[in-house]
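Student: only geometry, no sequence info:
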Ligand SMILES: NC(=O)C1=CN([C@@H]2O[C@H](COP(=O)(O)OP(=O)(O)OC[C@H]3O[C@@H](n4cnc5c(N)ncnc54)[C@H](OP(=O)(O)O)[C@@H]3O)[C@@H](O)[C@H]2O)C=CC1
Ligand SMILES: N[C@@H](CC=O)C(=O)O
C-alpha cells in the first residue's frame, strides 16, 4: 500500500522509524507499506517509487531538515499536488491539534476522504469538531477514517469502546487521558521539582502538545473525553459543554500535603448519563488508594467504562510518548488492511 504523511514533527518522525523497525513484521503479515510523501508546514518531498526509510532516518539523525532532501533524491511537492496525483491509498495526518478550528488537519482529512483516500489521524481537532461528518464522508466514499491515536494513543480507548464493548450501552466514561499532566503531577510529587521544571521535562520527552497549555489547562483531556463521549455514547456534544479545570493552580505544597495523607492529585475527565442528561467535566481530584486510578503512574493513562451489559471495565497503561503514539497509528493502518 502507498501512504503519505502530512505533519512531520515528533510523532511523524517516530512513525517513520517504526515503519523501518517493523519492516520484517509487516512483510510477514503481507503488508508492504510504501511511503511516497512527507509534507510539513513549508515543504514536501515525494518519490513515486517510495522514500528510502533507512536513508531518511540516517539524515534525520544528522539533524537534516526536510527541505534539504528534495534537492537530491526527491521531488518538491505539496498537499494539493499529492491530491491531484492521487497515488496513495492512505493519508496519515499528524498536524498540531487546534481546538478552535481543527485546521490545518480538518481540510487535509476532508480532501483526502473526498478523493477516496483512507485517513489515519493523530490530530484531535478535526475529530473533536467533525467526527460524525468526516466518518459519513468516509463511508460515502468507501474508505476508512481511523482515530485510535487521538484518544490516548497506545491506550486503546476507542477500539475497546467500539469493538470490545459492541452491543453494550456505555453509561459512564472516566479517565486519566493526558500523559503530560499525569507525568508532571508525579514528577512534582516524587522529586519535589517545580511545576515549570516538570513541564519542561514533559516537553523534552515529546509528550506535551505543540501548544502545552492544551495539556496543563485540561483541554487535551477534555478533547479526548469529548471524542469518546460523541463516538461511544452517540452524542453531538461540544467542548463548551464541558466544565474544564487544569493543573496550573496546584502548588508543590498542595502536593506535599496530599502525600502526607497518602493521597494523590489526578486530572480526571468524566462523562455521566443521568437519565439522558449528559454531564461532562475535567477536574483535579484528590484520590486515595481505593480509587482505580491511584496506581496510574508516570506517563500512563487509564479509562473506565461502565456499561449496561458488559459491566465495569478499567484499562490502564498506554504511556504517552512519540513512539507509542506512532505505534497506535500503525495499529490503525494494519486494522484498515486486515
Ligand atoms: N506527541 C504525542 O505523544 C502525541 C501527539 N498526538 C497528536 O499528534 C499531532 C502531532 O503531534 P507532534 O508530532 O507531537 O507535534 P509536533 O509539533 O512535533 O509536529 C507537528 C508537525 O505538523 C507540521 N505542520 C504544522 N502546520 C502544518 C500545515 N499547515 N501543513 C502541514 N504540516 C504542518 C509541523 O511542520 P513544521 O515542522 O514545518 O512546523 C510539524 O512537522 C498533534 O495533533 C498531537 O495532538 C497524539 C497522540 C500523542
Ligand atoms: N499531550 C498528550 C499526547 C497524546 O495525546 C498527552 O500528554 O497525553
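Tutor: Right, received. Where do you want to start? What you see is a predicted model, and the numbers here were worked out from it, not measured in a lab. Ligands and ions are numbered 1, 2, ... in the order given.
Student: Write out the residues of the stretch 101-250 of the chain neighbouring ligand 1.
Tutor: By Cβ under 6 Å from any ligand atom, the residues of the stretch 101-250 of the chain that approach ligand 1 are 104, 122, 123, 124, 149, 153, 206, 207, 209, 210. In this view, the C-beta of every residue, glycine as well, is placed from N, C-alpha and C.
Student: rerun at 8 Å
Tutor: Residues of the stretch 101-250 of the chain lying close to ligand 1 by Cβ under 8 Å from any ligand atom are 103-105, 108, 122-125, 149-150, 152-153, 179, 206-210, 214, 220.
Student: Now list the buried members of those residues.
Tutor: By neighbour count, with 16 or more other Cβ atoms under 10 Å, those hold 104-105, 108, 122-125, 149-150, 152-153, 179, 206-209, 214, 220 as buried.
Student: Give me the subset of these that also touch ligand 2.
Tutor: 122, 124, 149, 150, 152, 153, 179, 207, 208, 209, 214, 220.
Student: now the strands for the protein?
Tutor: Using DSSP state E, the strands of the chain run over 2-6, 34-39, 44-46, 75-76, 90-93, 118-121, 145-146, 170-176, 242-244, 264-274, 277-287, 301-307, 312-317.
Student: Are stretch 180-190 and ligand 2 in contact anywhere?
Tutor: Yes - applying Cβ under 8 Å from any ligand atom, one finds stretch 180-190 in contact with ligand 2 at 180, 181, 182, 183.
Student: Would you quantify the distance from residue 164 to ligand 1?
Tutor: 21 Å (Cβ to the nearest ligand atom, to the nearest Å).
Student: again with residue 77
Tutor: Going from residue 77 to ligand 1 by Cβ to the nearest ligand atom gives 12 Å.
Student: how deep is the residue in the stretch 1-150 of the chain positioned nearest to ligand 1 tucked in, by neighbour count?
Tutor: At 1.8 Å from ligand 1, residue 9 is the closest residue in the stretch 1-150 of the chain, using Cβ to the nearest ligand atom. A count of nearby residues for residue 9, using other Cβ atoms under 10 Å, gives 16.
Student: quick one on the thing from earlier: let me have the ones next to ligand 2 among the buried ones among the residues of the stretch 101-250 of the chain next to ligand 1 in TSV, adding pLDDT as columns.
Tutor: Converted to TSV, these look like this (pLDDT from 0 to 100):
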residue	pLDDT
122	98
124	97
149	98
150	97
152	95
153	96
179	97
207	93
208	95
209	93
214	96
220	97
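Student: need the helices for the chain, in chain order.
Tutor: Under the criterion DSSP state H, the chain contains helices at 10-21, 23-28, 53-61, 79-85, 105-114, 124-140, 157-159, 179-191, 195-204, 213-216, 219-232, 252-260, 322-337.
Student: What residues sit buried inside the longest one?
Tutor: Pointing back at helix 124-140 there. Those buried within helix 124-140 under the rule 16+ other Cβ under 10 Å are 124, 125, 126, 127, 128, 129, 130, 131, 134, 135, 137, 138.
Student: if I pick the third one, what's in contact with it?
Tutor: Counting by Cβ atoms under 8 Å, 6 or more residues apart in numbering, residue 126 touches 93, 102, 105, 106, 109, 110, 134.
Student: Then the second one?
Tutor: With contact taken as Cβ under 8 Å, 6+ apart, residue 125 is in contact with 97, 98, 99, 101, 102, 103, 105, 106, 223.
Student: Could you export those as CSV, including pLDDT?
Tutor: Below are those laid out as CSV (pLDDT from 0 to 100):
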residue, pLDDT
97, 96
98, 96
99, 95
101, 98
102, 98
103, 98
105, 98
106, 98
223, 98
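Student: Please indicate which of the residues you listed has the highest neighbour count?
Tutor: Busiest of the contacts of residue 125 [other Cβ under 10 Å] is residue 223, holding 28 neighbours.
Student: Measure how far stretch 208-218 is from the centre of its chain, please.
Tutor: Stretch 208-218 sits 13 Å away from the centroid of its parent chain (Cα atoms, centre = their mean, to the nearest Å).
Student: distance between the ends of that stretch?
Tutor: Here the two ends of stretch 208-218 are set 12 Å apart, with distance taken as Cα to Cα, to the nearest Å.
Student: what's in contact with that stretch?
Tutor: Here stretch 208-218 makes contact (Cβ under 8 Å, 6+ apart) with 9, 96-97, 99, 178, 180-181, 184, 199, 202-203, 219-220, 223, 244-248, 267, 282.
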